[in-house]
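Chemist: sequence and predicted structure below; questions after.
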Amino acid sequence: MRRHNHNATPRGRTAAHPWHVPVAQSDVPATGLHLGLVASEQVRRYVAALAGLAGLPRLSATFDVTPHGRSGLRVVGRVSATVGQTCGITLEPIENEVEEPVDLVFLPSAADATEDAVRGEVEIPLDDQPEGLVNGRVDLGALATEFLVLGIDPYPRKPGMAFESPERSGDVARPFAALAALKRSRREGEG
């Protein structure tokens, strides 16, 4: 297993993808590659800012990259992280774990995917559209970042906390009370 500790400077990174670990399709042997990625502190700071997190103490990913068809790649793995958030109920800082599975196919273009499928080289379910390789590469850092963001709980809560709506007193008008009264008066007027 190759382990990457990505410590490159942020210069040249795009705001959308601060973590870059490109793998070229031509560099993947027939037996595939197993890669373990660990984001540096600097990369975690940029990813935390991108994701709107209070902190990102841990971000790692493991990927198995294998050839798919004549010119594609299949990436299977897992993104794992500890994210710092704010409890939506108590507003206290909390940490949550994110574990996201990854299983994607990357092809140079949709036309290539169709051509390979017609030849019987690749079986692609109709509802699973392949991702596109960019210049023959897949960026595993960007992929890990995207799956991390997808796995973040948008409504974080401390364990045991639940949102409870305030009790309504008899004086508070219900939102549809006027509509209910109108319906009652119409029914009474008909009878």
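Modeler: That came in fine, so what should we check first?
Chemist: for the rest of this, base every contact and every neighbour count on C-alpha atoms.
Modeler: Will do.
Chemist: who touches Gly136 in this structure?
Modeler: Ala24, Gln25, Ser26, Pro108 (CA atoms under 8 Å, 6 or more residues apart in numbering).
Chemist: just put these in JSON lines and tack on secondary structure and pLDDT.
Modeler: As requested, those are exported to JSON lines (DSSP: H, G, I helix; E, B strand; the rest coil; pLDDT from 0 to 100):
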{"residue": "Ala24", "secondary structure": "strand", "pLDDT": "95"}
{"residue": "Gln25", "secondary structure": "helix", "pLDDT": "94"}
{"residue": "Ser26", "secondary structure": "helix", "pLDDT": "94"}
{"residue": "Pro108", "secondary structure": "coil", "pLDDT": "89"}
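Chemist: top of those by neighbour count?
Modeler: With neighbours defined as other CA atoms under 10 Å, the most crowded of the contacts of Gly136 is Gln25; it has 24 neighbours.
Chemist: quick one: contacts for it?
Modeler: By CA under 8 Å, 6+ apart, the residues touching Gln25 are Pro67, Ser71, Gly72, Leu73, Gly136, Arg137, Val138.
Chemist: let's see which of these end up in strands.
Modeler: Judged by DSSP state E, those include Pro67, Gly72, Leu73, Arg137, Val138 as members of strands.
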